[in-house]
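Trainee: got a structure for you, letters missing:
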Ligand code: IMP
Ligand code: MG
């Protein structure tokens with residue numbers, strides 16, 4: 001079926017995102033000061049732009065790995081399950097890990113992935129999400145750092161898609177159906 005027509009209104013500019021990431025990078029450097037074993041784990045696909053910009057702001061030695069998780073409904077949104085579609089390439093036992101997510105919405109994905117990573121006995125495990133929609137939460141979880149809290153709007157850009165489109169927008173925009 002064709003997508004309904006929509007327009008995109010700018011919500012967070014590229015400049016505002018860049019400034020926020022600079023400040024988040026300083027917090028992360030303070031939290032992981034002295035480590036030589038930090039692994040940034042990006043959740044595919046939405047975090048790919050965020051992790052690319054974040055990693056270039058970090059002056060710590062870091063490695064990068066990726067995980068792809070997919071959530072699907074069984075009819076009732078609150079009992080959603082999360083599947084791992086692509087696992088990490090590397091081992092994280094004893095390593096410090098920063099999990100990088102695009103948006104925390106209901107919280108199912110973040111909470112599931114945190115649980116999964118913990119079974120592998122990492123060192124310090126911290127989480128960062130570019131965006132957070134706290135009003136949508138179904139699971140009591142939050143990232144250690146959040147770029148921006150946003151209202152219950154469907155957003156795209158800066159890695160985030162609507163039906164796989166608009167990931168290439170340099171800013172975060174709000175989808176408005178017309
Ligand atoms: P959660 O498990 O409900 O927290 O789902 C989080 C995932 O849903 C995010 O990583 C996104 O992939 C997707 N998502 C949530 N809100 C939006 C949105 O506004 N636009 C695009 N994707 C979204
Ligand atoms: Mg995602």
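Mentor: Here it is on my side, so go on. Everything numeric in this text was worked out from a predicted model, so none of it was measured. Ligands and ions are numbered 1, 2, ... in the order given.
Trainee: excluding chain neighbours, what is closest to the most centrally placed residue in the chain?
Mentor: With distances taken as Cα atoms, centre = their mean, residue 101 lies nearest the centre of the chain, 1.2 Å away. Nearest non-adjacent residue to residue 101, counting by Cβ to Cβ, 6 or more residues apart in numbering: residue 129, 4.3 Å away. C-beta: built from backbone N, CA, C; applies to glycine.
Trainee: who's the one you found bridged to?
Mentor: When bridges are assigned using DSSP bridges, the partners listed for residue 129 are residue 101, residue 146.
Trainee: helix or strand next in line after the longest helix along the chain, which one?
Mentor: Under DSSP state H, the helix in the chain containing the largest number of residues is helix 14-31. Remark: after helix 14-31, the chain's next helix or strand is strand 38-44, criterion DSSP states H and E.
Trainee: tell me the helices and strands packed up against the very next helix or strand once past that next one.
Mentor: Per DSSP H and E, the first helix or strand lying C-terminal to strand 38-44 is helix 48-57. If you count contacts as 3 or more Cβ pairs under 8 Å, 6 or more residues apart in numbering; DSSP states H and E, helix 48-57 packs onto helix 14-31, strand 38-44, strand 62-72, strand 96-104.
Trainee: quick one: mean pLDDT over the last one.
Mentor: For strand 96-104, the mean pLDDT works out to 98.
Trainee: in the helix or strand that it is followed by, what's buried?
Mentor: Secondary structure here is assigned by DSSP H and E; on that basis, the next helix or strand after strand 96-104 toward the C-terminus is helix 108-118. Buried positions in helix 108-118, judged by neighbour count with 16 or more other Cβ atoms under 10 Å: 108-113, 117.
Trainee: circling back: quick one: residues in contact with the longest helix of the chain.
Mentor: Contacts made with helix 14-31 from outside it, assessed by Cβ atoms under 8 Å, 6 or more residues apart in numbering, are listed as 50, 53-54, 57-60, 98, 124, 126, 128, 130, 144-145, 147-148, 158, 170-172.
Trainee: mind doing that once more with 6 Å?
Mentor: Residues from elsewhere that reach helix 14-31, judged by Cβ atoms under 6 Å, 6 or more residues apart in numbering: 53-54, 57-58, 60, 145, 147, 170-171.
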